[in-house]
Each structure stands twice: as structure tokens, then as C-alpha cells.
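> with the sequence up front, the predicted model follows.
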Amino acid sequence: MNFQDILVVEDEPKIAQLLLDYLEREGFRVTVLNDGVHAVEMIREREPGFVILDLMLPGKDGLTICREVRQFSTLPIMMLTAKVDEIDRLIGLELGADDYVCKPFSPREVVARVRTIQRRLRQQQTVATAETGLSYRGVTLDPQKYECSVQGQRIELTPVEFKLLHGMVSQPGRVFSRDQLMDIAYTDDRVVSDRTIDTHVKNLRRKLSQSGDEVGQVHSIYGVGYKFE
């Protein structure tokens, strides 16, 4: 599952395009499906990191899709609907939807909610790996103690540097945008600039580079962000 891949299942072209534009502007990779017939099959095959799912769809409705997906996946699902009846809301959430947005909605709010849910999932994943830690390309991280060792030698990292490195090492080779790294480093929703992230990454790369050429490093991807390999 890649958090950056989002599947939008929405049969209203204007709404689908609006979501596509706003989500891609935020760095997500978006696929749009205009009916519910093939939604479950596509989710099973592509394993997106997030699904935005309309309630009323031709071919197969959103509640049925949500029910079927929950039989094999826990990926986050946001339901969209024009219905405001409380029963519909409860049914949707009881079937395993992570959020529920009523039309008309603000696309900025949808993006913000997507990021909030993803931030919570990343925190849960961090907790899940806390007991065993991470080790890759000579770098070993202990989330319980916030300790980092490189080729057996401990190096001192700030809490923010540790979080950034832990996030990238947990998915080696994956390119993280600056916004994604902000979400990883700052869980209290504070606002920081791109330059702040760049400064932390610069210091992190300097500390890692002092440990030898055989160690994994943080690489810059021009115009996109950073990855660890």
C-alpha cells in the first residue's frame, strides 16, 4: 500500500475532476473510476493507499463496495454522499468507512481530512514497529529510545531528524514530498516551511555521510522530495 496512491470512485464528472485537481496539486497520484462495477476488483489489484468513495454509484453502490473491500483490506475509505440522513451516516461508518463527507463539500477540507487520516495511520505504523525497530543499509533505529546507530556506532539525532529518517527507512526507495515529511516530523499540526525540512534533511545527510560510503543515504529528487537508499 502506498499512501500517495488515491482511488476516487465518483460518477459525477465535475466532482471527480475537482477532487483530481486538488489532490494532484498536493502531490497525490490519483485514479478516477466513474462507476462501482469494477471498484472492488481495482482496489484488490492496485492496492491504493486511500479510497474516496461515492455512496450512490451506477452498477454497485458505495456501501456494497465498502462492505466487500472490508472483507480483505483495512485501507482507509472516505465516503461521499448527498444524503444527510443520520441512518445512512451510521450505516456507512459501521461498514468500516474511516470518514464521511456530505455534498456539497470543500475540496480543501477533503484534502485536509485525507492527510489527517493518513497521519493517524502513520503514527499507528510507527507504534507497531516500536518493539522491533528498523534496520537497513547499515542504519539501525530504535523508536522506543529514539536511538540511531550506523554500522554499530551510535550517532546523535534530534527528535525531528530521527522521525524523518525513521519514516524514510521504513519505506526505502520511496520518494517523500516535503509535505509528507512535514506530516512525519510534526504530529502536532504546526505549520513549517519547506526550508525547515530542507535544513533538517541537510543535517541528517551530513551525519550519515560521516559514517562511510557503505551506509544508506538520503537522496534528493529534484522538484519532488527525498528518498532513502
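That came through, no problem.
> what's the closest non-adjacent residue to the residue most central in space within the chain?
Taking CA atoms, centre = their mean, the centroid of the chain lies closest to Phe3, which sits 3.3 Å from it. Closest residue to Phe3 apart from its sequence neighbours, by CB to CB, 6 or more residues apart in numbering: Gly49 at 4.0 Å. All C-beta spots, glycine's among them, are computed from the backbone N, C-alpha and C.
> which SSE is that neighbour in?
Per DSSP states H and E, Gly49 falls inside strand 48-54.
> who are the packing partners of that strand?
Contact partners of strand 48-54 among helices and strands, from 3 or more CB pairs under 8 Å, 6 or more residues apart in numbering; DSSP states H and E: strand 2-9, helix 62-69, strand 77-81, helix 107-128.
> now do the longest one, average pLDDT.
Across helix 107-128, pLDDT averages out at 78.
> quick one: distance of the helix or strand just after that helix to the chain centre.
Beyond helix 107-128 in the direction of the C-terminus, DSSP H and E gives the next helix or strand as strand 134-136. The chain centroid and the centroid of strand 134-136 are separated by 20 Å, computed with CA atoms, centre = their mean, to the nearest Å.
> can you tell me what sits against the strand or helix carrying Lys163?
Counting by DSSP H and E, the element that carries Lys163 is helix 159-169. With CB atoms under 8 Å, 6 or more residues apart in numbering as the test, helix 159-169 has contacts from 122, 126, 134, 136, 139, 141, 143, 146, 148, 157, 174, 176, 180-181, 184-186, 197, 200-201, 203-204, 207, 216, 218, 226-228.
> please redo it, this time with the cut-off set to 7 Å
Residues from elsewhere that reach helix 159-169, judged by CB atoms under 7 Å, 6 or more residues apart in numbering: 134, 136, 139, 141, 143, 146, 148, 157, 176, 181, 184-185, 200-201, 203-204, 218, 226-228.
> of these, which belong to strands?
Among the contacts of helix 159-169, the members falling in strands (DSSP state E) are Leu134, Tyr136, Val139, Leu141, Cys148, Phe176, Val218, Tyr226, Lys227, Phe228.
> and which of these is nearest to Ile117?
Using CB to CB, Phe176 is the member of the ones in strands among the contacts of helix 159-169 that sits closest to Ile117, with 17.6 Å.
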